[in-house]
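Q: after the sequence you'll find the predicted model.
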Amino acid sequence: MRVRRELIELVIGVGRVVVLAAALAVICGIFWNILDWMRTYGTGIVASPFADQAPLPPRQRRFFPAGTALGSFEDLIELYNISFRGGLRLGSGIGLVAGAFLALGPAKRLGLAARIATGITAGSIFGGRAALMITSDTPIFLGGALIGAVLTAWYLAAAGGERRFPPLPLISPGQPIT
Amino acid sequence: MSTSASAESPFAGTYRLDLNPQALRRFALGSSLTIASLLCIPDGLAILPTSPDPIVWSLRMLGLWLTAYVLWSFGFLILLHIMRFVGGSILVRPDGIKLWRFGRLIEWGSIKALAVEPQLYFSRAFWLKPVAAKLTVYERKPHKESFRLIPHNIPSFQFTPAEFFSLFAFICHRSFVLCPDAAHVLISDLEYVPSLRKAYERSAKMKVLISAIITISLLAFLGRRAAVNYSFNSGNREFRQERYKAAEQHYRFATTVDPTFAMAWDRLARSEYRQSKTAAAEKHWHKALAMKPDLVESKIGLSNIHMLRREFGPARRLLTQAVRLDPRNLAACINLADLNLRLGNFDEAIRLCELVLKQDPNNANAHCLMARGKLRLGKLKEAEELFTHALVSTRSVQSSSFCKLVKAEIDLAAGRTKEASRAMHLLMAVSPHSQELLIDLIELALSQGNETEARTLVAEAKEHKPNDPWPFIYQAELELKSDNKDRARLEVDEAFQKPDQDMRSLKSCARLFNLLGDYNQEKRALDQCGKLSGE
């Protein structure tokens, strides 16, 4: 029964991170593309306030063979790079991080296993996206995601421990403390 | 202020007070209004040169302001939450108070004064409602033979008003056995008033000093950013209109004011490169990369210089890094095509040009590189068709020096030596130091049977680029024609020893070794060619 409850908590925690991050990535991406269009209005750099419609040539080269673990991550990065181009890219990055960040708040109330799993998911998003700001190189992306996952899982695991003391009682002006 | 007789109230437990997420969000959003407006001042000036009318300027400003607002509020909120986690909770314990995770315990008995002051200007600047306050706890610490009061500040904007008041009330109660009914107070025993006055004076002086430093830094920062961005944008305007000298001056000013501005170094180098100031361009591209090691544009620019010098190894390294950083960069793709063409990988060069043309069908360089690739593969008709098609679809083909050179090469291959000669000599007048033009002129002279001119041009090319194997190969050909086998052997040996070979030069060396009867060297040259092809 306890295991089942923990499993449900874990699915809720991880699911909340994924859903919020994905939803905000799309919303913020579109919003950022509109901002890009406004910032460069009149120059023709961003022709449309919505997604870039220009055809995209296939990748110039693969660095890891398809079907291998590293190759699959390379494909994942490629999918992200294709899906979020131009202004969408930074906006989607902000959305991804904001979504994962928002999902961390309620995760503090979950059990330890669910907190750690949620932390790993959200941290991978933080670290992986931060690495993508510098390069689309697969090993660097994985390194960033790993660092993010470890730090965030540690944060969430520790966050539950702060609750061993009760919160300070709230007092109104003039009310005696008893 | 009402006194309470609850001195012996049970305070056995420990309570925690966390920084409040809603309060932090309110602070981040409030500060963003001011910071975004301040940051937009230099940008407002900077976009003046590129904004044709007030409506365009206003729309751009709105975009810039919203961008700054979102970035600041989001970044600052994350920073506040990181601080919240690192700092931990305030712990109100039976024996004292711990203000943050790594802070030491301040015993209740050592708190000798307490002040809560409204922060009017701060609240106005950061749009905080209700007005923020600062709680200062003065702790008595022995100092030499006397004591001094050490202030510890707790700002109210980190908590909800109720939480902040409760914390204040708890400290009052535990240290002074008082229960306050007002938020803004100063509590102290009379004996500590002189020390408190000194502490206040110290903190007032510090406040003035910090305010002055912040104001001067802010003015300097905003003024500097305005000057840098204005000159950078003015440089961009001149660059787009191909006035490279004027652009160079603007970029030079931008880099003088802000030597860490990598993009300005890159643009400066680009303007210099367009004016054939290769040494300065190389230096400034290196500076750009020192400031921002992942700047793809600078890597691509530097690869051009290395390719011109036939330093194919460094060019390949730079372009591979550029493609790793930005797998879909068109300029990197074109330069890779150029590198492959120079190295003799014609099929790969053509494939890359096709990729570029799918994305940008009017790219003059891609059209001309592809035509040159076909020409090198011996497909003269296809090269001619490609070039004719490019002339129709892309106007810049007519003005590009590189495209003119390719046209001259096509004419030469088609036997139209008169047209080729006219075009090449016109280009020579514009770029007298172009090595590839010199090599083309040698071929032209050879095709016209003008050996004397060919020898003069070979000598010039050797002197101009001593590392290029091609002048030595042509010299060997000329010596073989004159039946001077010993001299030809010396020349081809020297050509083969050059460090930066391409597949065509190696094949030519192999052919010459074969003619001279040295089959071992021929095999070595072909092996090296195979290795290069594998790379």
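A: It's in. Numbering: from 1, shown residues only, chains lettered A, B, ... in the order given.
Q: return the nearest residue of chain A with respect to chain B.
A: A:M38 (2.9 Å; Cβ to the nearest Cβ). From N, CA and C alone the C-beta is placed, and that goes for glycine too.
Q: pull the residues that contact stretch B:434-445.
A: The contact list for stretch B:434-445, computed with Cβ atoms under 8 Å, 6 or more residues apart in numbering or on different chains, reads B:308, B:405, B:408-409, B:412, B:417, B:420-421, B:424, B:427-428, B:431, B:451, B:453-454, B:457-458, B:460-461, B:464-465, B:468, B:470-471, B:474.
Q: helices - which of these land there?
A: B:308, B:405, B:408-409, B:412, B:417, B:420-421, B:424, B:427-428, B:451, B:453-454, B:457-458, B:460-461, B:464, B:470-471, B:474 (DSSP state H).
Q: element containing B:H152?
A: strand B:146-155 (DSSP states H and E).
Q: on that earlier part again, which among the ones in helices among the contacts of stretch B:434-445 end up buried?
A: Using 16 or more other Cβ atoms under 10 Å in any protein chain shown as the burial test, these include B:308, B:405, B:408-409, B:412, B:420-421, B:424, B:427, B:454, B:457-458, B:461, B:470-471, B:474 as buried.
Q: ok, of these, which one's closest to chain A?
A: B:L308 (22.5 Å).
Q: report the contact partners of the closest one.
A: B:T278, B:Q435.
Q: the strand or helix carrying B:C403 versus helix B:417-430: what angle between them?
A: In this assignment (DSSP H and E), B:C403 forms part of helix B:401-413. Using axes from the mean of the first three to the mean of the last three Cα atoms, to 10 degrees, the direction of helix B:401-413 lies 150 degrees away from that of helix B:417-430.
Q: just checking, what packs against helix B:401-413?
A: helix B:364-376, helix B:380-393, helix B:417-430, helix B:435-447 (3 or more Cβ pairs under 8 Å, 6 or more residues apart in numbering or on different chains; DSSP states H and E).
Q: what are the ranges of the helices in chain A?
A: A:2-39, A:69-83, A:87-107, A:112-134, A:138-161.
Q: for the first one, which positions count as buried?
A: What that stands for is helix A:2-39. By neighbour count on 16+ other Cβ under 10 Å, the buried set for helix A:2-39 is A:6, A:9-10, A:13-14, A:16-18, A:20-22, A:24-26, A:28-39.
Q: low-scoring stretches of chain A, by residue?
A: A:1, A:43-61, A:160-163, A:173-178 (pLDDT under 70).
Q: where along the stretch 1-150 of chain B do the strands fall?
A: Using DSSP state E, counting those that start in this stretch, the strands found in the stretch 1-150 of chain B span residues B:2-3, B:15-17, B:90-92, B:96-98, B:105-107, B:111-118, B:133-143, B:146-155.
Q: what comes up buried for stretch B:500-508?
A: Of the residues in stretch B:500-508, B:D500, B:Q501, B:D502, B:M503, B:R504, B:S505, B:L506, B:S508 count as buried by neighbour count, 16+ other Cβ under 10 Å.
Q: in chain B, which residue sits closest to chain A?
A: Closest point on chain B to chain A, by Cβ to the nearest Cβ, is B:G63, at 2.9 Å.
Q: need the distance between the two termini of stretch B:124-132.
A: 9 Å (Cα to Cα, to the nearest Å).
Q: buried residues of that stretch, list them for me.
A: Neighbour count says stretch B:124-132 has B:F126, B:L128, B:A132 buried, by 16+ other Cβ under 10 Å.
Q: circling back: the next helix-or-strand element following the strand holding B:H152: how far from the chain's middle?
A: Using DSSP H and E, the helix or strand that follows strand B:146-155 in sequence is helix B:161-176. With Cα atoms, centre = their mean, to the nearest Å as the basis, helix B:161-176 stands 50 Å off its chain's centre.
Q: point out where chain B drops to low pLDDT.
A: Those would be B:1-12, B:394-399, B:534-535, if you go by pLDDT under 70 across chain B.
Q: where is the longest helix in it?
A: helix B:193-240.
Q: just the CA trace of stretch A:30-41, in PDB.
A: C-alpha atoms of stretch A:30-41 as PDB (Å, rounded to 0.1, in the frame of the first residue of the first chain):
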ATOM      1  CA  ILE A  30       5.600  31.900 -29.000                       C
ATOM      2  CA  PHE A  31       5.700  35.000 -26.600                       C
ATOM      3  CA  TRP A  32       9.400  35.400 -27.100                       C
ATOM      4  CA  ASN A  33       9.100  35.100 -30.900                       C
ATOM      5  CA  ILE A  34       6.600  38.000 -30.700                       C
ATOM      6  CA  LEU A  35       9.100  40.000 -28.600                       C
ATOM      7  CA  ASP A  36      11.900  39.200 -31.100                       C
ATOM      8  CA  TRP A  37       9.700  40.500 -33.900                       C
ATOM      9  CA  MET A  38       8.900  43.700 -31.900                       C
ATOM     10  CA  ARG A  39      12.600  44.300 -31.100                       C
ATOM     11  CA  THR A  40      13.700  43.900 -34.700                       C
ATOM     12  CA  TYR A  41      10.600  45.500 -36.300                       C
END
